[in-house]
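K.L.:
below is the structure, and that's it, no one-letter string:
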């Protein structure tokens, strides 16, 4: 087996997601993930402009397939939250670049430092803008930016200085995304069973109670898992 055909080796504590898997967890079209992580082209007059990726993935490309790590997932979660709140992608990119300098981390949005200093970093980053009109518009969004940061960090847990876990079901402790468990797929926190397996068992067995007995997991946890998975399908 030559180097080009060897399978991708993923470190056990990094997590692993395809663009489609990340899009599902973040409730956004996969094309957004690809545009943000691979860049894109657009036509401006007679010229074709290339927009670079926001950053390089934690995981190497394999046969032109985009593979993402847990830190990538959390960074993308913030990008989506900022864009959904009306902060332009250009402003997000500028903040991201400045935050890397301030935090000293290639994935700054998923650091404790950004949790505490994100608003200040944002304001300082937009001061680099050469357009007074753009600067004024962005400064009016500083409170939106602050609100996004506060809401987004509520369901994240830290180990030392970086995000270690995400509680994706309304912040409840029953379900967790942890890169050191099941390659970062959502699991029942205390039991380690993937939420998709619990949700599928509910469908196959016909009830939450039967699925709970099958996996020896409390019915309340199985119900959370099934509801969580259903919410991803509906997004």
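P.N.:
Sure, I can see it. Note that the structure is predicted; figures quoted are calculated from it, not measured.
K.L.:
mean confidence for stretch 95-109?
P.N.:
Stretch 95-109 comes out with an average pLDDT of 95.
K.L.:
starting at the chain centroid, how far to that stretch?
P.N.:
Relative to the centre of its chain, stretch 95-109 is centred 16 Å away, using C-alpha atoms, centre = their mean, to the nearest Å.
K.L.:
end to end, how far does that stretch reach?
P.N.:
10 Å (C-alpha to C-alpha, to the nearest Å).
K.L.:
which residues are contacting it?
P.N.:
Residues outside stretch 95-109 that contact it (C-beta atoms under 8 Å, 6 or more residues apart in numbering) are 54-56, 58, 71-72, 74-75, 78-79, 111, 113-114, 117-118, 121-122, 124-126, 128, 162. (Glycine included, C-beta is placed from N, CA and C.)
K.L.:
buried residues in stretch 173-183?
P.N.:
174, 175, 176, 177, 178, 179, 181, 182, 183 (16 or more other C-beta atoms under 10 Å).
K.L.:
pick out whichever of the residues you listed sits closest to residue 166.
P.N.:
Closest to residue 166 out of the buried residues of stretch 173-183 is residue 177 (4.3 Å), distances taken as C-beta to C-beta.
K.L.:
distance of that closest one relative to residue 15?
P.N.:
8 Å (C-beta to C-beta, to the nearest Å).
K.L.:
what do these two both touch?
P.N.:
70, 73, 184.
K.L.:
surely the last one and residue 16 touch.
P.N.:
Looking back up the chat, that one is residue 184. Yes: using C-beta atoms under 8 Å, residue 184 is in contact with residue 16, at 6.2 Å.
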